[in-house]
Every structure is written in C-alpha cells, then in structure tokens.
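Peer 1: kindly return the folded structure for what I paste below:
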Amino acid sequence: MGAMQQAATVQVALAQINSTVGALAANAALIRQQAEQAHAAGADILVTPELSLAGYPPEDLLLRPGFIAACAAQLQELMQQCGALRGLHLLVGHPLARDGKLYNAVSVLHEGHLLGVYCKQELPNNAVFDEKRYFDAGHVPLVFEVKGMRFGVNICEDSWFAGPPAAARAAGAQVLLAPNGSPFHMNKQDLRYQVMREHVSSLGLPLVYVNLVGGQDELVFDGGSFVLDAQGEVKARMAQFESGQLLVRFEAPASAVGQPHPAPHIPPQSVAPDLAVEAQVYQALVCGVRDYVGKNGFPGAIIGLSGGVDSALTLAVAVDALGAGKVRAVMMPSPYTAEISLLDSREMVQTLGVQYDEIAIANAMEIYTGMLGPLFAGRKEDTTEENIQARIRGTLLMALSNKFGSIVLTTGNKSEMAVGYCTLYGDMAGGFAVIKDLAKTLVYRVCAWRNAQGQVIPERILTRAPSAELRPNQTDQDSLPPYEVLDAIMQMFMEENRSQAEIIAAGYTQADVARVTRLIRINEYKRRQAPIGIRITHRGFGRDWRYPVTQRYAD
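Peer 2: The predicted model follows:
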C-alpha cells in the first residue's frame, strides 16, 4: 500500500453480555439490543463473546442436530433483523455445520448480509474444556475492512497461541478482534494480559478482547473485556462480573511509509479498576449463585445455618445475589449446639433481614437412637451417631425445598470436600455448592473482605475455633491438621500435582502429608455424589478433576 492516507476513525463496541445456554431467541434478542445500542452510539463494529448466540459452553447440546439447525435459523433471523443498522459490522458467535463437520464459528454480519465466517483454529482440550469432543478445527484467517482499516478475527484460545494471530497479521490485519468465553479463576486476568502480550502485541497488533459474563453451572465468566494497543498497554477495560457495552476509538495513522499494515492509534479510554483477589472471588460467588438460581427458575434459596463461618459466608453471598426476600435460613440446633452459635446466627439473620426458622432436632435424634439401638447393641458411639444428626438436618432442608420450590445451597468448603470431612445425604444434601472450591483459609479472607464493605458476619464467627458441633467440645482440628497446613498440602497435591516427596521438601511433615493425601484419595466417592459448585481456582473438584473412584495408586 505504501504511504497511507488518513482514514476515518473506526469505533468498535465491546458487548460484554450474559448469554444463557440454549436460550437462542433470548440470546438473539440480547444481541440485537446491543447492536441497536452500538449503532445509535455510532459504532462501526460490535463484537459479542464466543458462541454468544448459543451460550457457552453448550456441551452435548452440540451433538443434537436439532440444536445446530435451530442456531442456524436464529442466526439468519438475527441477520435480517439487524439489516437496517446501516454501517454496523456485527460479530456473532455460533456453531456452524459445514461439509459434515462442526465448527466453533464467528460470523460477520453487515446490513443484512453475511460478510464472512471465521472458524476457531485452536480447540482447548484441557482443564474444563473438551472442545475436540465437539468441534473440528478451522484453518483459514478472516480479515475484513472498515473505512480503510483491516480487522482480523480470532476466537478465544486462538489468541493463546502464536499461529492464528500471526496468520491474521499475514493476511493484512491491523487490529485483532477476539470474542472469548474465558471462565474465571483467581489471577486469571493477569494471565490473560501476559499471554495476549506474548502472542498478539508482540506482532504489533492491537487487540480487542471481548469476554462473556455470567454463571453457567460450575463456571463463572468474569467479563473484564479489554483493549491492548500495539505495545501491549491496556487502553480500555470493562468491569468484571458486570454486563455492559464499551465504545473504543481506533484512529489510523496519518502516514505509514514502508508499512503495509500499520497499527492504528488508540486514544485513552475507560479503564475499570482492578479488583482485589478476595473481591473477585466474592463477586464470582454472587454471580454464580444469581445465575444458577435465576436461569434455572428457582424462586429462592434455603441455607442451613450452623453458627459457623462457612454457612455465614454462604448466607451473605445468597443475600447479595438474590436479595433478602428470596433467602430463607434455617437453624437446626442439637443438644451439642453451643448457645453462641444460636446467638450469632440470630444476629446475622436480623442484620440481613432474611426469613429465619429454628427447628430443634433432639426429638428426631432420640427416635433414630431408639430405632437403631437394638441393632447397635454392644457397639460404642462413633461418627455414625454424628452423621445421623447431619442427615436429619439434610432431610429437613430438602423437605422445605420440596414444599416451597427453593433450592438448598450447601455450605461445605474445598478443604472439607478434599478430605471427606462432610456427610453424604447430610450437610452434602442440596442443589448447589456455593463455596465448594474455596479452601478454609480463603473462606476467612473472603469473609473479612465482605465485612469490610459493611459488616454482616458477626465477628465472633470469624474468631472462634471452627466446629461441626456433633459431639461435646468438638473442634475441626480434633480430626484434621490445622487448616493452614491442610490447605497448603491440598493445594500442592491436588491443584499443582506435586508428589508427596516434593510437599515434604516444602516443609510439611511426612505424617501430615501422608494423612492428607490419603484422605483426598479415598474420598473421591463422596465428591462424585456432591452437588456441583462454583469453580474459582484453576483446578476445582468437578469438571477438571477426573480421578477414578476405584484405584490403588499412591505415589
């Protein structure tokens, strides 16, 4: 091209939206509303997230021909509906069936016509992703021109590798547009910046990174969409865990002698502040609960309070996610429940303004003891009697759920799930495990952060020794190593795949390491029967932890 004359400014709108898997008409209406908003604001391009029309991830819906056909029909309808938005180039993500293959695709719609289609080249097949189960890989770059400026398209994982961005650059792209379905885990945003700078900005390409927001089963998508200039500097960033739209200007350089595809200039734009890790985790929990309850049509949530830190955090999250009017807390004291547990629970529900019930379980315990007494004759009391208490409570909570339709939110944390310090059909009974992926030490940090925003959790809950209160004077540390030790060993073994020898070398005793790792191994059968829960680490029990229940390996 040689010397390049001044081109008009191109305005790109980032649509950080919350699609729902399979809600094709609703998703199309949301995209259309975003397109109308962008057009009214003067946008030339609107970028929506990965698979924005279908919702992400659709999983085995992609194996149903009817679903693929419905997506194609909805795309055609959306293209026609947006045809009157003159000048707007709309990027929509959808599955694409072509020549007997299925692709993860983005279509560029322009004034009622299909301008081009890009098919994802790099298909992630690790952690929570299994896209090779569903999709074939594309191989052809897509570059389109708007007002003399050339835009290339990558989809999510493509820009985590060197090949697809380089192919777009070689095809003439001056700016890379990257629709994403990138799920949250702690410190994920910093990792995104690092990788995008390595594989995109190193080519001299500015990047428009548009991410999904919202909860989908275990996964939470945090948004945090951003724009990097050709040097990798953040020029614009949207808030995490919030839907919205952001308009970003790209200005072509006045001249570019000897540069066939010069990078445009990006004036300073809106940059949302970074969130502390504890704030990110809390907002992820709120987002996950709000969408799981709302998208599945539950009228509200029920939580069994214990007077402990786990149920306190779960209650706070539920109220912030759903509102106090949709949350019911139930305290079920036994003869071993401390008076301070009752007092702290009453104080918290009064502060939050939720419906609250107390159901004493002593009579039920006596009935069970009477029924089982002849069968247990001659045997000492042990965890069997403790677990009966938990199962009575689980039965009561599920009865309330059945009668009123609200979902039971379980309150177990990752440390307990790891070592099996939980009761099948007892405290594990419920529909959604809110803090399933939070280690106990992180639970306390997140509680402290939430109280710093306005105290809702009584201070005594955060300072007293944690206890299941299933026998006199019980504390968690009677059965477990200190949580600081347990959580560290769990992280190294479960999240980082480090060997026992490596963990011992890090300063932990052989006895503690052997004990914790053994408990993790032998309690897989419990975790397989646990409710799904929100993932906030890079490896949680669930989608990205697939260990056999029946196995004999111990390193």
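Peer 1: now G224, nearest residue through space, not along the chain?
Peer 2: Once flanking residues are discounted, G224 sits nearest to Q240: 4.4 Å by C-beta to C-beta, 6 or more residues apart in numbering. All C-beta atoms are positioned from the backbone trio N, CA, C, and that covers glycine.
Peer 1: what do you get for V227?
Peer 2: Leaving aside its chain neighbours, V227 sits nearest to A236 (4.1 Å; criterion: C-beta to C-beta, 6+ apart).
Peer 1: measure A390 to L396 for me?
Peer 2: Distance of A390 to L396, given as C-beta to C-beta, to the nearest Å: 11 Å.
Peer 1: more neighbours: the two, which one.
Peer 2: A390 (24 against 19; other C-beta atoms under 10 Å).
Peer 1: after the host helix or strand of the more buried one, heading C-terminal, what element do we hit next?
Peer 2: Secondary structure from DSSP states H and E places A390 in helix 383-404. Using DSSP H and E, the helix or strand that directly follows helix 383-404 along the chain is strand 407-410.
Peer 1: sheet partners, orientation included, of that following strand?
Peer 2: Sheet pairing of strand 407-410 (DSSP bridges) gives strand 301-305 (parallel), strand 432-433 (parallel).
Peer 1: what comes into contact with that strand?
Peer 2: Applying C-beta atoms under 8 Å, 6 or more residues apart in numbering, the contact partners of strand 407-410 are 289, 292-293, 296, 298, 300-304, 314, 318, 397-398, 400-401, 427-434, 436, 530-531, 533.
Peer 1: which secondary structure element contains the residue nearest in space to the middle of the chain?
Peer 2: For the chain, the residue nearest the mean C-alpha position is V220 (1.7 Å; C-alpha atoms, centre = their mean). Assigned by DSSP H and E, V220 falls within strand 219-222.
Peer 1: format the CA atom coordinates belonging to that strand as CSV.
Peer 2: C-alpha atoms of strand 219-222 as CSV (Å, rounded to 0.1, in the frame of the first residue of the first chain):
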residue,chain,number,x,y,z
LEU,A,219,-18.2,-22.0,35.6
VAL,A,220,-18.4,-18.3,36.1
PHE,A,221,-17.3,-15.9,33.4
ASP,A,222,-16.0,-12.6,34.7
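Peer 1: which residues sit against that strand?
Peer 2: For strand 219-222, the external contacting residues (C-beta under 8 Å, 6+ apart) are 49, 56-57, 128, 181-184, 188-189, 211-215, 240-241, 280, 283-284, 287-288, 534-536, 543.
Peer 1: try it again at 7 Å.
Peer 2: 128, 181-184, 211-214, 240-241, 284, 287-288, 534-535 (C-beta atoms under 7 Å, 6 or more residues apart in numbering).
Peer 1: what does the average pLDDT come to for that strand?
Peer 2: Per-residue pLDDT values over strand 219-222 give a mean of 97.
Peer 1: just stretch 527-544 next, same as before
Peer 2: The model assigns stretch 527-544 a mean pLDDT of 93.
Peer 1: re the thing from before, do I have it right that the residue nearest to G224 meets F226?
Peer 2: No: Q240 is not in contact with F226 according to C-beta atoms under 7 Å; the separation is 10.5 Å.
Peer 1: rewinding a little: ok now the helix or strand harbouring the residue nearest to V227, how far from the chain's centre?
Peer 2: Using DSSP H and E, A236 falls within strand 234-237. Remark: strand 234-237 is offset 22 Å from the chain centroid, using C-alpha atoms, centre = their mean, to the nearest Å.
Peer 1: then it to PDB, C-alphas only?
Peer 2: Below are the C-alpha coordinates for strand 234-237, written out as PDB (Å, rounded to 0.1, in the frame of the first residue of the first chain):
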ATOM      1  CA  VAL A 234      -4.200  -1.600  28.400                       C
ATOM      2  CA  LYS A 235      -6.100   1.200  26.800                       C
ATOM      3  CA  ALA A 236      -9.600   0.200  27.900                       C
ATOM      4  CA  ARG A 237     -11.100  -2.300  30.300                       C
END
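Peer 1: how about it: buried residues?
Peer 2: Within strand 234-237, the residues that count as buried by 16 or more other C-beta atoms under 10 Å are K235, A236, R237.
Peer 1: next SSE downstream of the strand holding V220?
Peer 2: Assigned by DSSP H and E, the successor of strand 219-222 is strand 226-228.
Peer 1: and that following strand, what other elements does it pack with?
Peer 2: Helices and strands touching strand 226-228, by 3 or more C-beta pairs under 7 Å, 6 or more residues apart in numbering; DSSP states H and E, are strand 207-211, strand 234-237.
Peer 1: let's see that with 8 Å instead.
Peer 2: helix 188-199, strand 207-211, strand 234-237 (3 or more C-beta pairs under 8 Å, 6 or more residues apart in numbering; DSSP states H and E).
Peer 1: nearest to E36, out of these?
Peer 2: Evaluated over the helices and strands packed on strand 226-228, closeness to E36 peaks at strand 207-211, with 17.6 Å, by C-beta to C-beta.
Peer 1: pull up the pairing partners for the closest one, direction included.
Peer 2: For strand 207-211, pairing defined by DSSP bridges yields strand 175-180 (parallel), strand 226-228 (antiparallel).
Peer 1: for it, give me every contacting residue.
Peer 2: The contact list for strand 207-211, computed with C-beta under 8 Å, 6+ apart, reads 12, 14-16, 47-49, 159, 175-182, 192, 196, 200-201, 221-228, 248.
Peer 1: swap the cut-off to 6 Å and go again
Peer 2: Defining contact as C-beta atoms under 6 Å, 6 or more residues apart in numbering, one finds that strand 207-211 is touched by 12, 14, 47, 49, 176-180, 182, 196, 200, 223, 225-228.
Peer 1: return the distance of whichever helix or strand comes after it from the chain's centre.
Peer 2: Downstream of strand 207-211, the next assigned helix or strand under DSSP H and E is strand 213-216. Strand 213-216 sits 6 Å away from the centroid of its parent chain (C-alpha atoms, centre = their mean).
Peer 1: what sits against N18?
Peer 2: Per C-beta under 6 Å, 6+ apart, neighbours of N18: V213, G214, S243.
Peer 1: let's see that with 10 Å instead.
Peer 2: N18 makes contact with 27, 30, 49, 55, 212-216, 221, 223, 241-243, 287, 290-291, 295, according to C-beta atoms under 10 Å, 6 or more residues apart in numbering.
Peer 1: who are the packing partners of the strand holding A236?
Peer 2: Applying 3 or more C-beta pairs under 10 Å, 6 or more residues apart in numbering; DSSP states H and E, we find strand 234-237 packed against strand 10-16, helix 188-199, strand 207-211, strand 226-228, strand 244-250.
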